[in-house]
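Colleague: Only the shape, not the letters, is given here:
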C-alpha cells in the first residue's frame, strides 16, 4: 500500500492535467484510445474513473481490508476521506462518477441513493465522520482527489506497454475510494444543500455586507473629519514687529514660516518664506552670522530673499501669501504659495511693501 | 576644541585594551610564523611589534595627556587643512588605483599584515583626538569602521586569489579552484556550518546591542531637521550623490539604474573566462568597471558621508570640530547662466510677459539649448563613437542591443564623477536647469 501512496512525477503531472476536468481533454490521448468503450461521450476527465470503477467491482464489492483503510486515511486530505465509502456500490457508482464529471450537482443526487444502502463498513463510517467534520471544502477538494486517484490507472495506460493489462492488474483498492468519493460527496452535498445552503448564503451575504461596511469605514478613517493642522491663516502682529533686515524665526516651529523684512529686487518687502528646502524638503536653518538659510541635508543655501545660491537646490524657496488684515496686522495664508521661477513673486499677494 | 582633560581618561581604558589587542594579534601571528618555521625573521619582527604595542597599551592606560600616544597637533592640523571633497575623492581613487596596479606587491601576506598594523595604529593614535573619537565612536558609526576593515580584508583575499590564479593561468596551469575542487555536502556539512554561523552572529549581535545601544532621539517633527541630517549609513552614498544632482536623478533614476545594471550584468557579459574562479587578468574590463562603481562611487562616498560630512553637510577634516557655523563658499551657477551671461554677455532668454505656453516653452528650449545639446551629444553621439573607437571589439562581440545597453549604462554611471568634477572645477550646478517643470540635470 505504501508504494501506492507515493505518486511518481508522471502521475502528479497527469493528475494536474486532469484536474481541470474538461480542459484537460487533449492531454491524455492514450486513455482515450484504449478506453473508448467505457465512456466515449463523457469528458476525458471522467474516463479514468470508470476504469477505476471496474476494478473496484472486480475486487469484490467487499469491505476494504484494514490496510486499505489505513492507506485511505493516510492518503487523503479533506476530500479523499469520503472516498472510502461503499466499495460494494461499484455499479451505481460508475454512472455516478460519469455524471459527476459532467455536473457535480447532478452527481450528488444520483449517488445519494446508492450510498445510503451500503454504508456499513468502517471506511464509510470514517468517511462519513470526516465528511461531517469539514463539509465546506469538500465540494472543491474532491475534484482534485478524483484525478489524483485516476492517474494510478491512467499512467500505466499512458505507458502504452499493456494498457488493458495494467488496468486489470493494478490492485483496485486505492481506486475504490476515489470512485466512492464521488458518491459520498454527492450525498453529503445534497444534505448540505438542503440543510446549509441557505445558511451559507446568509453567511456570505453577511460577510459581503460586513466587508462593504468595513471598506466604507476605512475610507472614512483615511479622510478624517478633523484637521490636525493649525489653521492655514494666522496673524503675526503688525509691521512694526519686523524691522528692516530681520528674519523672524519664531513661527517656524508652529507654522513652518519665516517672516522676513528684506530687500527683493530693490524693493523693501515683508514676505513669508516656506521653511521647506526646494531640493529634497528638509527644513533649512537661518544662520544669522552668515545671513543665509542653510539646509542640513545636502548643504543647499539660500539668500535672505529666498533665492538659492549654493548647493543642489534647483529653485528659490517658496513664499506664502501675506496681506494686511483689517485690524492692521499681517496675516499669512499658507493655502497659497508663490514660486519665483514661475514669476509669481511679482504677485502683490506674495508680499507686503514696507 | 581639544580639551584633553576628561576626555582622555574616558578613552584611556578603551585605548589600553585596543593596543593590548593589537599586541595579542601580533603575538599570535609571530607564534604561528615561528611554528611554521618558514619566516623566522618576520616572527621576530611581529614579536617586537607586539612588545611595542604592549608599551603603547600601558602608556594609553595612564590616561594623562603627556603619555597617551597621539598624533602631534601639527599633523592633525595639516590633515584638516588638506582634506576636502576634491582631495578626498582624488586621493581615494589614486590609492585604489595604486593598490590595483601594484596588487602583486600588496597581496603578499606580510605586506598586508604590515598595512593592517599601520592602519590600526593610526586609528589608535587618532582616537586620542577628541573630535575624531566623538565621530568614530558614535554607536551608529562603529559598525562602519568595522565594515571598512572587513571590506579591505575580503577585497585583499579575493585579489590574492586572483593574482595566484593569473600566475597559474600564465604558466598554463588550471586555476586554484580547479585544483582544490573539494565537494562539500549541503547536508550536513554546509547546513551545520550555517547553523553555527547563525548562532555565532546572533550572539554577537546580542552583545553588540547591549554594549552599543542605538541612540534614542526626540520625536520627529516636519519643521525640525537635525543638523547634520544623515541617511542610514548604507544610503550615505546616495545622499552624497544628491549634493550634485536633482532628487529625481540622484534619488530615483541613478539608484534604479544601479539595480537594473547589476541585473543586466550577466547578460551583457560576453567573456566566457573567469567563471567559477578568481581572475583579474582575464576580465580586466569587468573587474575595473565593477570595482570603480563599487569602491569609488559607493564605498568611498559612504565613508565620506559618515565621517567627513558634518553640520549643514559641510566637509570637515577628520580631526575638525563639527561646528554648525563653518562657512564654506559653495556658490554654484547653472550652465545657461554661464553660457548666456558669462560667455555671450547677454541676459538669459526670457519670454515676454504674458506669453503663451508654446512661446514660453520655446524660450526655455532656447535658454537650455547648450545644456540640452551637451547632454544629447553625450548620450546619443558617444555610444556609436565609442563603438568605432575604443569599444570596437566589444561592439563586434556584443551586437547592437547589448552594446548600446552597456554603453548607456556606463555613460550614465559616469555622469556622477563627471558632475562632481564639473562642480569642483567650474562650480557648475546644473547642466540643464528647467525649474519651471522641476527638470534639472
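Modeller: Structure's in. What do you need? Keep in mind that what you see is a predicted model, and the values were worked out from it rather than measured.

Colleague: how about the strands in the stretch 201-350 of chain A?
Modeller: A:233-235, A:247-248, A:257-264, A:267-274, A:285-287, A:292-294, A:301-302, A:308-310, A:319-324, A:330-338 (DSSP state E, counting those that start in this stretch).

Colleague: Out of those, which gets nearest to chain B?
Modeller: For those, the distance to chain B is smallest for strand A:308-310, at 3.7 Å, taking C-beta to the nearest C-beta. From N, CA and C alone the C-beta is placed, and that goes for glycine too.

Colleague: confidence score at residue 209?
Modeller: Answering for chain A, as no chain was given. Reported pLDDT at residue A:209 in the predicted model: 95.

Colleague: switch to chain B, that's the one I care about
Modeller: Checking the pLDDT column for residue B:209, the value is 89.

Colleague: next one: the host helix or strand of it to chain centre, how far?
Modeller: Following DSSP states H and E, one finds residue B:209 within helix B:191-211. Chain-centre distance of helix B:191-211: 27 Å, with C-alpha atoms, centre = their mean, to the nearest Å.

Colleague: for that helix, packing partners?
Modeller: Using 3 or more C-beta pairs under 8 Å, 6 or more residues apart in numbering or on different chains; DSSP states H and E as the contact criterion, no helix or strand is in contact with helix B:191-211.

Colleague: which other residues reach that helix?
Modeller: In this structure, no residues lie in contact with helix B:191-211 by C-beta atoms under 8 Å, 6 or more residues apart in numbering or on different chains.

Colleague: 10 Å instead, please
Modeller: By C-beta atoms under 10 Å, 6 or more residues apart in numbering or on different chains, the list of residues contacting helix B:191-211 from outside reads B:139, B:142-143, B:146, B:184-186, B:188.

Colleague: How about the residue in the stretch 51-200 of chain B positioned nearest to chain A, nearest residue that isn't a chain neighbour?
Modeller: For the stretch 51-200 of chain B, the residue closest to chain A is residue B:85, as judged by C-beta to the nearest C-beta, at 10.6 Å. Closest residue to residue B:85 in three dimensions, ignoring its sequence neighbours and counting by C-beta to C-beta, 6 or more residues apart in numbering or on different chains: residue B:315, at 5.3 Å.

Colleague: That neighbour bridge partners, please.
Modeller: Applying DSSP bridges to residue B:315 yields these beta-bridge partners: residue B:309.

Colleague: Tell me the predicted confidence for it.
Modeller: In this prediction residue B:315 is given a pLDDT of 91.

Colleague: Can you pull the phi/psi pair for the residue of the stretch 51-200 of chain B closest to chain A?
Modeller: With angles defined as degrees, to the nearest 10, residue B:85 sits at phi -60, psi -40.

Colleague: now it: how far from residue A:299?
Modeller: Taking C-beta to C-beta, to the nearest Å as the measure, residue B:85 and residue A:299 are separated by 11 Å.

Colleague: now residue B:208
Modeller: As defined by C-beta to C-beta, residue B:208 lies at a distance of 32 Å from residue A:299.

Colleague: now swap in residue B:176 and tell me
Modeller: Plainly put, residue B:176 is 48 Å away from residue A:299 if you go by C-beta to C-beta.

Colleague: for chain B, which helix is longest?
Modeller: Secondary structure of chain B read by DSSP state H shows that its longest helix is helix B:6-36.

Colleague: thinking again about what came up before, and the strands of the stretch 201-350 of chain A: which comes nearest residue A:197?
Modeller: Each of these has some distance to residue A:197 by C-beta to C-beta; the shortest is strand A:330-338, at 57.5 Å.

Colleague: Sort out which residues of that closest one are buried, please.
Modeller: A:330-334, A:337-338 (16 or more other C-beta atoms under 10 Å in any protein chain shown).

Colleague: counting contacts, what elements does it pack onto?
Modeller: Using 3 or more C-beta pairs under 10 Å, 6 or more residues apart in numbering or on different chains; DSSP states H and E as the contact test, the elements touching strand A:330-338 are strand A:233-235, strand A:257-264, strand A:267-274, strand A:319-324, strand A:352-353.
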